[in-house]
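S.K.: show me the folded form of this:
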Amino acid sequence: VQLVESGGGSVQAGGSLRLSCVFSAYGYTYNYMGWFRQAPGKEREGVAAMHTPGGSTYYNDAVKGRFTISFDRAKNTVYLQMDSLKPEDTATYYCASGVLGAAVALMSRSYKYWGQGTQVTV
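M.R.: Got it, this is the predicted structure:
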């Protein structure tokens, strides 16, 4: 399983970015896709997650109303639209996939496969 993120970069506060994560999942079963971030000196935290069969979404309170996760099954791509960015959103962002339950959708240890990350600087 391979996950490759793109779309990171530098943006002014109040701006927007859209992250993409293309994954190859041949022969692999998953039911959640998630976005996580890690700032220097801080633990990795869950940002957003989606139950891909049903479409339910979950967000960290810090990004609710500003970030949107979406999934294009035909393109094997998960997106993270980030609006109204703040300096505290600066981090390396990772996408991940796994088989898990809703209660742990924003917990990094629940995910099995990870991308390499893309840097976002606000």
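S.K.: next, work out how far apart residue 75 and residue 66 are.
M.R.: 24 Å (C-beta to C-beta, to the nearest Å). C-beta coordinates here come from the backbone N, C-alpha and C atoms, glycine included.
S.K.: show the pLDDT at the spatially most distant residue from the centre of the chain.
M.R.: Here the chain reaches farthest from its C-alpha mean at residue 27, the gap being 22.0 Å by C-alpha atoms, centre = their mean. We note a pLDDT of 70 for residue 27 in this prediction.
S.K.: cool, and the one 5 residues further on?
M.R.: Turning to residue 32, the model gives it a pLDDT of 94.
S.K.: quick one: the strands in this protein, in order.
M.R.: In the chain, the segments counted as strands under DSSP state E are 2-6, 9-10, 17-24, 32-38, 45-51, 57-59, 67-72, 77-82, 91-98, 113-114, 118-121.
S.K.: what is the second one packed up against?
M.R.: So the one you mean is strand 9-10. strand 118-121 (3 or more C-beta pairs under 8 Å, 6 or more residues apart in numbering; DSSP states H and E).
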